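Enquirer: following is a predicted model, sequence given first.
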Amino acid sequence: MGEVSMEVRIGLEIHLQLKTQSKMFCRCRNDYQVQDDPNTNICPVCLGYPGTLPVTNRRAVEYAIRLARVLHSDINPNPVFYRKNYFYPDLPKGYQITQYNEAAIAQGGYLPLDFRNRDRKVRIRRLSLEEDTARSIQTDEGEVLLDFNRAGIPLIEIVTEPDMHTVEDVRKFLENLRMVVQLMDISDADMEKGQFRVDINVSVGGGERVEIKNVNSIRDVVEALRYEINRQKEELKKGNTIRQHTRRWDDYEKRTIPMRRKETEDDYRYFPEPDIPVLSIAPMMDEVQSGELDDPFALFDEMAAKVSAERKGYENYLSNLEILMRDRDRDAIRFFRDAIADEEVDPMVASKWMINQVRNMEALPPLDQFKKLMVMVQREKLPAHKVKDFLRRIIEGAILDELLRELEKGPSDEELEVIVRAVIEEHPDEFQRLKGGKKGLIGFFIGRVKKKNPQADPGKVKAIIEKIVEE
Ligand SMILES: [Zn+2]
């Protein structure tokens, strides 16, 4: 038997619930956080009653336009909605309003896999707008409960080309996409809440693709893929052929289980939705502003360019920027971007304190105070332990200038005495000689005390030493 090619090709279909106020085609509240009582956010439109008319949610279209820009996709100025017909309990109308092939809102584009190596990217095939189906819940008694609050929630479907070849590629892609939509603030992309749902298509050795559904976390995606790739390789080694079909991930048994033969497009009898006219979104494409954090990769480049690549520590600076972006904390990113917009602030120094200290603190410091503090650090005016202390205190509301004045005033008499006694303890022989009458040694002790605290006043130190000598 010849060498069998075991090339792995993975493509993804992601369904992203959008954080809009209302549903995709009606004015019902978007029960995005899964918090309302079941079947309370429903109306004749999202339940598909005869004679009702769907109206497209403008905000959802805006979100799709913005996401298409970040993904470098071509936006279709005249997208069309289609009916996808199938019979299933979670589908109130008997069809889902969705988009179809070239009629979708955007085509093509890509998302990079790495911040540092932009050659690695996954191509996007298509971006579609559609409505969600109802939520179905299986009870332990074997009943199926339906919550139509979810029916009609706006979704963006993102279909990738099968450009991923390893489990690691898939993990990176999903983390990057989640980062993008969270920073855009168009979705919280919480997989456990069903806001970010992933179907995986995987083929091995040029065989037909197998779809895996029902995967509820990035960790599960990784586990399901490892299992499935292995399974297909074993089948091929035995000389078996892989047929196109759908499987589901069983989180409990940690394996994929066959569900059904994959439906073909013919099964769905797609046809244009007669109740929604073809959209003309060219004017919107001009009007819609991108959010300031829409493209983390562009923002990363912009911040990276503030430091010369020749400078020592540049790689660490890039790592810090990457940590900042991957934390996906919108306030922290804006804060840091604003801090380094000030020419007096050294981005490299600021990034170090941002990642090592501020990131672990309970709140962000006031921007002007942080910038002032960073400038002092750059001038090497403060020891590291003082910077940490000051960061903590300006977060609590202290004013940096007052902290500095306090610092300049030097230690109190009590603090000074503690330092003097510590120095004496470290130099018992010299102290005995001083006590024995060698007055010249006072200068030696003042010097040691100043080394521990440069703000110590020599006159006060002298007085304290003389007092201790008399004891
Ligand atoms: Zn409704």
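Expert: All right, it came through fine.

Enquirer: switch to C-alpha atoms for all contacts and neighbour counts from now on
Expert: Will do.

Enquirer: outline the domain layout of the chain.
Expert: As recorded under automatic domain parsing, the domains making up the chain are 8-287, 296-409, 413-470.

Enquirer: the ion contacts on the chain?
Expert: Proximity of the chain to the ion (CA under 5 Å from the ion) is limited to residues Cys26, Cys28, Ile42, Cys43, Cys46.

Enquirer: most neighbours, which of the residues you listed?
Expert: Cys46 (29 neighbours; other CA atoms under 10 Å).

Enquirer: and Leu71, backbone torsions?
Expert: phi -90, psi 10 (degrees, to the nearest 10).

Enquirer: burial count for it?
Expert: 22.

Enquirer: I figured it hits Ala106, correct?
Expert: No. Counting by CA atoms under 8 Å, Leu71 sits too far from Ala106 to count as a contact (9.7 Å).

Enquirer: and the helices in the stretch 1-150 of the chain?
Expert: 58-70 (DSSP state H, counting those that start in this stretch).

Enquirer: flag the shaky bits of the stretch 201-350 of the chain, pLDDT-wise.
Expert: Flagging of the stretch 201-350 of the chain using pLDDT under 70 yields the residue ranges 261-265.

Enquirer: tell me where it has strands.
Expert: For the stretch 201-350 of the chain, the strands defined by DSSP state E, counting those that start in this stretch occupy 210-215, 245-250, 255-261, 271-272.

Enquirer: any chance of TSV for these, columns mean neighbour count?
Expert: Output for these, formatted as TSV (neighbours: other CA atoms under 10 Å):
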stretch	mean neighbour count
strand 210-215	22
strand 245-250	20
strand 255-261	15
strand 271-272	16
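
Enquirer: taking the stretch 101-250 of the chain, what residue is nearest to the ion?
Expert: Closest residue of the stretch 101-250 of the chain to the ion, CA to the ion: Gly152 (7.0 Å).

Enquirer: which SS class is that residue?
Expert: coil (DSSP: H, G, I helix; E, B strand; the rest coil).

Enquirer: just the one 4 residues further on next, same as before
Expert: Assigned by three-state DSSP, the conformation of Ile156 is strand.

Enquirer: Ala64 is in contact with that one, correct?
Expert: Yes. Under the criterion of CA under 8 Å, Ile156 makes contact with Ala64 at 7.0 Å.

Enquirer: got any residues that touch both of the two?
Expert: Listed as contacting both Ile156 and Ala64 by CA atoms under 8 Å, 6 or more residues apart in numbering are Leu127, Leu129.

Enquirer: circling back: looking at the strands of the stretch 201-350 of the chain, which is closest to Tyr100?
Expert: strand 271-272 (9.0 Å; CA to CA).

Enquirer: on that earlier part again, looking at the residues of the chain next to the ion, which is nearest Phe390?
Expert: Nearest member of these to Phe390, counting by CA to CA, is Cys28, at 49.5 Å.

Enquirer: any idea of the pLDDT on the closest one?
Expert: Model confidence at Cys28, expressed as pLDDT, equals 97.

Enquirer: got a list of what it touches?
Expert: Here Cys28 is in contact with Ser22, Asn41, Ile42, Cys43 (CA under 8 Å, 6+ apart).

Enquirer: brilliant, that's me finished.
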